[in-house]
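Chemist: coordinates only, sequence not included:
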């Protein structure tokens, strides 16, 4: 089971809904709007209406979510979020997944497990483990300065549509700090993850052996890696080569946004050492 983009926007059917076609249409319209307003967004993060998407929007429905900070500059909310009890958001996420699974069973589509993905989990490992204690946890890693550059530039680019106060530079610098918070939270709370249920995936290793990485994850999760799996990976890679939608000049973006990547890398040395990540900047 996974949550497609359209379902993250309108998660549950209206009463007496005969078909999800209306909700699917709204998802397509939202993506069309993104394409019009942010024509370069796909170079940051490509997604499609029926592709797996983050559960961030479901967490947002609880009103306890980093999505608000990513949409606009709201320092008072940021301060509140840091101190808030975030367990209700994860309880709501679990309840929502149960409801979605029930709906899928009615349609004869239920899978054996959910595939989820959301950077916000880095700040909420204890809540994640409490609600999903038997999960297989995959944590991806790369040069932390590059993570800061990617996240800061993407949020600054996309938040412009929502902001009435502040600038793209203000938003980028906020998310430079926020990204550091997330990464260091994962260092602090990594001990809360059951070691036997964790797969660490470093970016360079993944790029060198994508299929081997997927097989390693499948093995730990108890899924069979078949020829059908391999063909699906091959088809995806063929249809989605690197740079398909262009490339972002992150160094240039950081210069424009006033973020010193070398300094950000120095601030995240503890993360790099903890997870064995090479720093290239």
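Modeler: Yep, that arrived. Fair warning: this is a prediction, and the values are worked out from it, not measured in the lab. Numbering: from 1, shown residues only.
Chemist: distance between the ends of stretch 245-259?
Modeler: End-to-end span of stretch 245-259 (Cα to Cα, to the nearest Å): 25 Å.
Chemist: Find the residue closest to residue 128 in space, skipping its chain neighbours.
Modeler: What sits nearest to residue 128 in space, not counting adjacent residues and going by Cβ to Cβ, 6 or more residues apart in numbering, is residue 121, at 5.1 Å. Where C-beta positions appear, they are placed from N, C-alpha and C, glycine not excepted.
Chemist: what secondary structure does the one you found sit in?
Modeler: Classification of residue 121 using DSSP: H, G, I helix; E, B strand; the rest coil returns helix.
Chemist: Please spell out which residues along the helix or strand harbouring residue 91 are buried.
Modeler: Taking DSSP states H and E as the definition, residue 91 sits inside helix 87-106. By neighbour count on 16 or more other Cβ atoms under 10 Å, the buried set for helix 87-106 is 89-90, 92-94, 96-97, 100-101, 103.
Chemist: Phi first, then psi, for the most centrally placed residue in the chain.
Modeler: What sits nearest the mean C-alpha location of the chain, by Cα atoms, centre = their mean, is residue 118, with 3.4 Å. Phi and psi for residue 118, reported as degrees, to the nearest 10, are phi -160, psi 120.
Chemist: Give me the pLDDT for it.
Modeler: pLDDT for residue 118: 95.
Chemist: Distance of the nearest residue to it once chain neighbours are set aside relative to residue 167?
Modeler: Distances taken as Cβ to Cβ, 6+ apart place residue 54 nearest to residue 118, at 4.7 Å, with adjacent residues excluded. Look at residue 54 and residue 167: by Cβ to Cβ, to the nearest Å, they are 26 Å apart.
Chemist: More neighbours: which of these two?
Modeler: Higher neighbour count among residue 54 and residue 167: residue 54, with 19 against 13, using other Cβ atoms under 10 Å.
Chemist: List the residues that contact that one.
Modeler: Neighbouring residues of residue 54 by Cβ atoms under 8 Å, 6 or more residues apart in numbering: 8, 116-118.
Chemist: looking at this, it is in a helix?
Modeler: No. Going by three-state DSSP, the assignment for residue 54 is coil, not a helix.
Chemist: looking at it, the residue nearest to the centre of the chain is touching residue 57, isn't it?
Modeler: No. Shown here, residue 118 and residue 57 do not form a contact pair, counting by Cβ atoms under 8 Å, at 9.7 Å.
Chemist: how about the strands in the stretch 151-281 of the chain?
Modeler: For the stretch 151-281 of the chain, applying DSSP state E, counting those that start in this stretch gives strands covering 198-202.
Chemist: Now do the contacts for the residue nearest to the centre of the chain.
Modeler: By Cβ under 8 Å, 6+ apart, the contact set of residue 118 is 54-56, 59.
Chemist: 7 Å - rerun?
Modeler: By Cβ atoms under 7 Å, 6 or more residues apart in numbering, the contact set of residue 118 is 54-56.
Chemist: likewise residue 230?
Modeler: Listed by Cβ under 7 Å, 6+ apart, the contact partners of residue 230 are residue 211.
Chemist: For burial, what's the neighbour tally of residue 133?
Modeler: 9.
Chemist: give me the number of residues near the closest residue to it other than its chain neighbours?
Modeler: Of all residues not flanking residue 133 in the chain, residue 194 sits nearest, at 7.7 Å (Cβ to Cβ, 6+ apart). Neighbour count for residue 194, taken as other Cβ under 10 Å: 12.
Chemist: how close does residue 194 sit to residue 172?
Modeler: 36 Å.
Chemist: Likewise for residue 267?
Modeler: Per Cβ to Cβ, residue 267 is found 16 Å from residue 172.
Chemist: which one of these two has more residues nearby?
Modeler: Neighbours per residue (other Cβ under 10 Å) separate residue 267 from residue 172, with residue 172 holding more: 25 against 18.
Chemist: which ones are touching that one?
Modeler: By Cβ under 7 Å, 6+ apart, residue 172 lies in contact with 152-153, 156, 257, 259.
Chemist: can you do 10 Å?
Modeler: The contact partners of residue 172, by Cβ atoms under 10 Å, 6 or more residues apart in numbering, come to 148-149, 151-157, 159, 253-254, 256-259.
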